[in-house]
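A.B. asks: Fold the following, please.
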Amino acid sequence: MRIFLTGASGFIGSHIIPELVGAGHRVLGLVRSETGAEKVAALGAEVHHGGIDDHDSLRAGAEVCDAVIHTAFDHTFTNFAANCGRDGVAIRALGEALVGSDRPLIVTSGVGLGTPGPGEKAVEDHFDAGSHNPRVASELAGRDLLDRGVNVITMRLSQIHDRRKQGLISPLIDLSLEKGALAYVGDGAVDWCACPIDDTARLYRLAVENGVAGARYHAVAEEAVSLSAIIDRLAVRLGLPVVSIAPDEAAGHFGWLTHFMTMNMPASSALTRERLGWSPVGPSLLEDLARLERDA
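C.D. replies: Presented below is the predicted three-dimensional model:
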C-alpha cells in the first residue's frame, strides 16, 4: 500500500515509517519544515509538505494514497482543548478524501476515552461521546466519518516511551529539573499505562493492514505502572529528592500537568492483542527510565 502518514517526522511517526517500509509499504509523509523533510526522506519516505491546519494539503495527500495514518497533533498542552478541536477538523478534512472508498483512516486518540468509570481500566469497546476529556473531539470526528461510510479505525495511546521520550513523563522531568525536586500529589496513588515506541509502531502497521472499520485499539503493553514507582525511578536516575505536594498547592507547582498528576489511567489491551495478534516485546517503562538519555 501507499500510506499517507501525518506527523511523519514526529516521535511516533518517525518510528512508523521504517516499520511500514520494512513491511513493503510506501509512505508519503506530511512535514512542515525542511528539517522534517530531510528526516522523513532519510527514513525512506516520500515528502508531502503541509500541516494539520492546511486542510487542502491533508486532502491532497489522502487522495493519492491507499490508506491514511494520522498521528500529527499539537502537543502544546497549555492549549490542549483548542488543539483537540483542531485535530477533529483535520480528521474530517482527511476523511473527505476517503468518502466512497474502503481505504482505511487510522486516527489517534488517548486511552482515557475508553474508561467505563472511576477506578476501572479503559477498554477498547467503550466510548463516552459526552466525555469531558477534550480528546473526545478526535473520536467524535472519526465517528461522524464512520457514519458517512469511511473506514475509520481509532488508535488509543498510553504513555509511549523509549530512552529519550516518555509521553507525559518527559514534561514532568523538565518541570522537576526546573523545580529541583520530583513531586506527586498527596500519596501519589495513581497508575498510568505505557507502551514502548517500537511496539506501538508495529501496532499501527497491524491496524492499517488488518484493522476493522469502527474498531478501537489500545497501544498498551503495561496496564498499570504506579506513578510513585515512576517518580522513585526518576529520582535515582536524575539525583533529585522526592516531595509530596498538597492537593491545594498542586496547581501552583505542576501547572497544566496538575490534572494528569491526579488522573488514574490504567488500561487494558486484551481485545487489541486478540484481534490483531499483537504481542508487545519491548522494554518496560521503568527499564527505559533507568536508562534515560538526556541532552543535558
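
A.B. asks: If we ignore the residues flanking it in sequence, what's nearest residue 125?
C.D. replies: In space, not counting the residues next to it along the chain, residue 125 is nearest to residue 271; the distance is 6.7 Å by Cβ to Cβ, 6 or more residues apart in numbering. In this view, the C-beta of every residue, glycine as well, is placed from N, C-alpha and C.

A.B. asks: Leaving out chain neighbours, which residue sits closest to the residue most central in space within the chain?
C.D. replies: Relative to the mean C-alpha position of the chain, the nearest C-alpha, by Cα atoms, centre = their mean, is the one of residue 157, at 4.1 Å. Sequence neighbours aside, residue 219 is the residue nearest to residue 157 in space, at 5.1 Å (criterion: Cβ to Cβ, 6+ apart).

A.B. asks: Likewise for residue 33?
C.D. replies: With Cβ to Cβ, 6+ apart as the criterion, residue 33 has its nearest non-adjacent residue at 7.9 Å, and that residue is residue 9.

A.B. asks: Contacts only, for the one you found.
C.D. replies: With Cβ atoms under 8 Å, 6 or more residues apart in numbering as the criterion, the residues that contact residue 9 are 29, 31, 33, 35-37, 39-40.

A.B. asks: now those residues: which count as buried?
C.D. replies: Under a neighbour-count criterion of 16 or more other Cβ atoms under 10 Å, the subset of the contacts of residue 9 counted as buried comprises 29, 31, 36-37, 39-40.

A.B. asks: What score does residue 124 have for pLDDT?
C.D. replies: pLDDT recorded at residue 124 is 97.

A.B. asks: what about residue 193, neighbour count?
C.D. replies: Residue 193 is surrounded by 27 other residues when neighbours are defined as other Cβ atoms under 10 Å.

A.B. asks: scratch that, residue 210
C.D. replies: 14.

A.B. asks: Enumerate every residue touching it.
C.D. replies: With contacts defined as Cβ under 8 Å, 6+ apart, residue 210 is in contact with residue 276.

A.B. asks: Repeat that for residue 176.
C.D. replies: Applying Cβ under 8 Å, 6+ apart to residue 176 gives the contacts 182-183, 234, 238, 240.
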